[in-house]
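1. no FASTA, just this:
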């Protein structure tokens, strides 16, 4: 900002010594020229003004608020910081840690399967989002202590959610017509709207650069959103076709790629224009895929549920679809969710798959890790303060984390970024 004012002061000094012409907005001797230029500086408008353009210094990614990290103009810094952390490598082999000796059943008393999805919050805690659990539960990554928060009806009222601005989690309505907002600062739940919808309406959401939370259609046939700027619920004009989607992946171009589950094709929502296009490639439907994630090299990896093939969409090469290999010893209902670690690897969250695995998004190498301690174990996970992955227990009766042994770490701006902090 000081640079802006230095430029402005120089221009004002130059003009002050010249005869003024208030009639021509493009005359540098005009008060109108200076007024317009100062206004553009104030609102950080980088467009050309009569051939002049003020280009600010790029703010480092870790100096941005998390609400700014998904702005297209900040992607270069975000990518650089991510790759800087990746390059620091690992200190050893991954390990699965049961961080609390209390069972999930003891904590909740009732409500199985328990959770689906986990979100990191600005207060440092990780929040598990209820599936049938009677409460939202948070874990402090430093003390490893859990806390029960707002009571919820259960019965799969919502599936997943996303962190919006100001530490607010927006829950995705599934078997409920209400839209809920959960404030992680005071642990208060608020109903922010009501719409009559089909059962099993939405699965998760995406916080877009335009300030809207877009919900991922399950049985609904429209892309609904909650506008955090106007506090209103709206819908994209183009309807959804082709069936159920699993989640949404945001790219630096402001596009959301909706990952097909029972649907066969990716639907792409351009949030700049709210237009929808359909990718021509068929991913097979039949619950083939369950999640997706964006990597800094421009790829969107589709995480298999029933399919044995790992694909990625290369957003830097005309959205071409690339076969990245076969899941080792594939079964059915394998994964649910995926997390990007500060070591640069992807970690699909095992559901019924017998092991944890890692995926190197540069080489596509898949490595089989430790055993999954149960069946229908986890659905989703979130990065903690030290780069560990807190696993969201579904039918698992344990509180576990995956230590990826990353030497690097994500600063809060990246840990909370809308690109990755969602389910």
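-> Good, I have the coordinates. These numbers come from a predicted model, not from an experiment.
2. what about residue 164, neighbour count?
-> 20 (other C-beta atoms under 10 Å). The way it works is simple: take the backbone N, C-alpha and C, and place the C-beta from them, glycine included.
3. mind listing what it touches?
-> 170, 181, 207, 213, 228 (C-beta atoms under 8 Å, 6 or more residues apart in numbering).
4. how about a cut-off of 10 Å?
-> The contact partners of residue 164, taken as C-beta atoms under 10 Å, 6 or more residues apart in numbering, are 67, 170, 181, 205, 207, 211-213, 226, 228, 418, 422.
5. would you reformat the residues you listed as CSV and include distance to residue 373 and pLDDT?
-> Below are the contacts of residue 164 laid out as CSV (distance: C-beta to C-beta, whole Å; pLDDT from 0 to 100):
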residue, distance to residue 373, pLDDT
67, 37, 98
170, 31, 98
181, 34, 97
205, 30, 97
207, 32, 98
211, 41, 98
212, 39, 98
213, 34, 98
226, 37, 98
228, 39, 98
418, 31, 98
422, 26, 96
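6. and these as CSV, adding secondary structure?
-> Listed next are those as CSV, based on DSSP: H, G, I helix; E, B strand; the rest coil:
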residue, secondary structure
67, helix
170, strand
181, strand
205, strand
207, strand
211, coil
212, strand
213, strand
226, strand
228, coil
418, coil
422, strand
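7. what is the nearest of these to residue 361?
-> Residue 361 lies nearest to residue 422 out of those, by C-beta to C-beta, at 18.3 Å.
8. residue 240 contacts residue 262, doesn't it?
-> No - in this structure residue 240 lies outside contact range of residue 262 using C-beta atoms under 10 Å: 12.0 Å.
9. in which helix or strand would I find residue 129?
-> strand 126-130 (DSSP states H and E).
10. strand partners (parallel or antiparallel) of that strand?
-> In the sheet, strand 126-130 lines up against strand 115-120 (antiparallel), strand 135-139 (antiparallel) (DSSP bridges).
11. rounded mean pLDDT for whichever strand or helix holds residue 293, please.
-> Using DSSP H and E, residue 293 maps to strand 289-294. For strand 289-294, the mean per-residue pLDDT is 98.
12. how far off centre is it?
-> 11 Å (C-alpha atoms, centre = their mean, to the nearest Å).
13. please name every helix or strand in contact with that strand.
-> Strand 289-294 sits against strand 245-250, strand 255-260, strand 299-304, strand 309-314, strand 335-340, strand 346-350, strand 378-383, with contacts defined as 3 or more C-beta pairs under 10 Å, 6 or more residues apart in numbering; DSSP states H and E.
14. buried ones in stretch 410-423?
-> For stretch 410-423, burial by neighbour count (16 or more other C-beta atoms under 10 Å) applies to 410-411, 413-423.
15. with stretch 166-179 instead?
-> 167-174, 176, 179.
16. what of stretch 250-265?
-> Neighbour count says stretch 250-265 has 250-252, 254-265 buried, by 16+ other C-beta under 10 Å.
17. start and end of it, how far apart?
-> Stretch 250-265 has an end-to-end distance of 17 Å (C-alpha to C-alpha, to the nearest Å).
18. and that stretch, average pLDDT?
-> Mean predicted confidence for stretch 250-265 is 98.
19. also stretch 114-134?
-> The model assigns stretch 114-134 a mean pLDDT of 97.
20. now swap in stretch 74-81 and tell me
-> Averaging pLDDT along stretch 74-81 yields 98.
21. what's the burial count for the closest residue to residue 146 other than its chain neighbours?
-> Leaving aside its sequence neighbours, residue 146 sits nearest to residue 139 (C-beta to C-beta, 6 or more residues apart in numbering; 5.0 Å). For residue 139, the count of nearby residues is 22 (other C-beta under 10 Å).
22. turn the contacts of residue 164 into JSON lines, including distance to residue 99.
-> Listed next are the contacts of residue 164 as JSON lines, based on distance: C-beta to C-beta, whole Å:
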{"residue": "67", "distance to residue 99": "29"}
{"residue": "170", "distance to residue 99": "27"}
{"residue": "181", "distance to residue 99": "29"}
{"residue": "205", "distance to residue 99": "28"}
{"residue": "207", "distance to residue 99": "28"}
{"residue": "211", "distance to residue 99": "35"}
{"residue": "212", "distance to residue 99": "35"}
{"residue": "213", "distance to residue 99": "30"}
{"residue": "226", "distance to residue 99": "33"}
{"residue": "228", "distance to residue 99": "33"}
{"residue": "418", "distance to residue 99": "27"}
{"residue": "422", "distance to residue 99": "23"}
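23. OK, contacts around residue 398?
-> 96, 98-104, 373-374, 377-378, 391.
24. which stretches of the stretch 101-250 of the chain form strands?
-> Taking DSSP state E, counting those that start in this stretch, the strands of the stretch 101-250 of the chain run over residues 115-120, 126-130, 135-139, 146-151, 158-163, 168-173, 178-183, 188-194, 202-207, 212-217, 224-227, 232-235, 245-250.
25. okay, angle between the fifth one and strand 126-130 too, please.
-> The reference is to strand 158-163. In terms of direction (axes from the mean of the first three to the mean of the last three C-alpha atoms, to 10 degrees), strand 158-163 departs from strand 126-130 by 150 degrees.
26. next one: the fourth one
-> Using the same axes, to 10 degrees, the inter-axis angle of strand 146-151 relative to strand 126-130 is 40 degrees.
27. distance between strand 146-151 and the chain's centre?
-> 23 Å.
28. any chance you could list what contacts that strand?
-> With C-beta under 10 Å, 6+ apart, strand 146-151 has contacts from 99-100, 102, 104, 107-109, 125-128, 130, 133-140, 180, 182-184, 187-190, 399.
29. now list the buried members of these.
-> With burial judged by 16+ other C-beta under 10 Å, the buried subset of the contacts of strand 146-151 is 99-100, 104, 107-108, 125-128, 130, 133-139, 180, 182, 184, 187, 189, 399.
30. surely the residue nearest to residue 146 meets residue 115?
-> No - using C-beta under 10 Å, residue 139 makes no contact with residue 115, being 11.2 Å away.
31. which neighbours do these two have in common?
-> Common neighbours of residue 139 and residue 115 (C-beta under 10 Å, 6+ apart) are 127-128.
32. residues contacting residue 407?
-> Residue 407 is in contact with 85-92, 342-343, 387, counting by C-beta under 10 Å, 6+ apart.
33. how about it, nearest residue that isn't a chain neighbour?
-> residue 88 (4.0 Å).
34. next up, the contacts around residue 314.
-> Here residue 314 is in contact with 297-300, 320-322 (C-beta under 10 Å, 6+ apart).
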